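Q: Pasting a predicted model and its sequence here:
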Amino acid sequence: MIRFENVTKEFALDGRRKVIMENANLVFPEGQSVALLGRNGAGKSTILKMIAGTMQPTSGRVVTTGAISWPVGFSGSFHGELSGAQNCRFVGRIYGVDTDELIDFVADFAGLGAHFHLPLRTYSSGMKSRLAFGVSMGVAFDTYLVDEITAVGDAAFRKRSDELFKARMKNAGAVVVSHSMQQIRNLCDSAVVLENGELRFFDDVEDGIEYHDANMERDST
């Protein structure tokens, strides 16, 4: 369960106040895959970071229960001098999972070949994302935070990513950010739309997409 209680998040940019949200109150339903929709720069990634606990709200609080993943695909915590396999082992130890099983899982899924045993600093951004997605999916969480990661790779990899994500959703929930409405339809049950500093929940993902699309169309007229 994820609950926003009177949450305000703002930044100071060039001496001006940028409000991501103001006094937001919302519950993300437990065990559902929830799309997080909003215009570019609205603050969707900021919301994921607050849910993950890596960023604090300006005021109010975000209450979570169960194990919450880091934003899936985030490779910022990996060490550049360690290999992909060594980074997997490091993460596995932190989360108390069988490190050998995690390494085997990621090696098979990410398909990095010999690069899996080379330093992360030699990886392309796409390779880092594939590694990060594999590690994220290899650790069991109650809620997964997903930020565009399944768009990485070729069509075959994206298909495998979607299938793996759906398999995890049988026993978990998620908050998903994606610019692909087809992907949102494939992966999500419901939606939250961030617009003008407000969060609005929709039980039906199609209703959320329709509301989001209407917001975007107003900008183009």
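A: Done, it's in. Predicted model, so just to flag it, every value in this text is computed and none were measured.

Q: shaky segments in the protein?
A: Within the chain, the segments meeting pLDDT under 70 span 73-76, 149-153, 219-221.

Q: And the helices in it, which stretches?
A: Secondary structure of the chain, counting by DSSP state H: helices at 44-52, 84-95, 99-110, 125-138, 155-168, 181-187, 205-220.

Q: Save those as a markdown table, and put in mean neighbour count and distance to Ala35 too.
A: Every C-beta, even on glycine, is put in place using the N, C-alpha and C of the backbone. Output for the helices of the chain, formatted as a markdown table (neighbours: other CB atoms under 10 Å; distance: least, CB to CB, whole Å):
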| stretch | mean neighbour count | distance to Ala35 |
| --- | --- | --- |
| helix 44-52 | 21 | 10 |
| helix 84-95 | 19 | 26 |
| helix 99-110 | 18 | 24 |
| helix 125-138 | 23 | 18 |
| helix 155-168 | 15 | 13 |
| helix 181-187 | 16 | 5 |
| helix 205-220 | 14 | 6 |
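
Q: so which of the ones you listed gets nearest Ser69?
A: helix 125-138 (5.8 Å; CB to CB).

Q: Run the angle between that closest one and helix 155-168 for me.
A: Orientation of helix 125-138 against helix 155-168 (axes from the mean of the first three to the mean of the last three CA atoms, to 10 degrees) gives an angle of 20 degrees.

Q: if we can go back for a sec, how about the helices of the chain in TSV, adding distance to Glu30?
A: Below are the helices of the chain laid out as TSV (distance: least, CB to CB, whole Å):
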stretch	distance to Glu30
helix 44-52	13
helix 84-95	21
helix 99-110	26
helix 125-138	19
helix 155-168	15
helix 181-187	17
helix 205-220	17
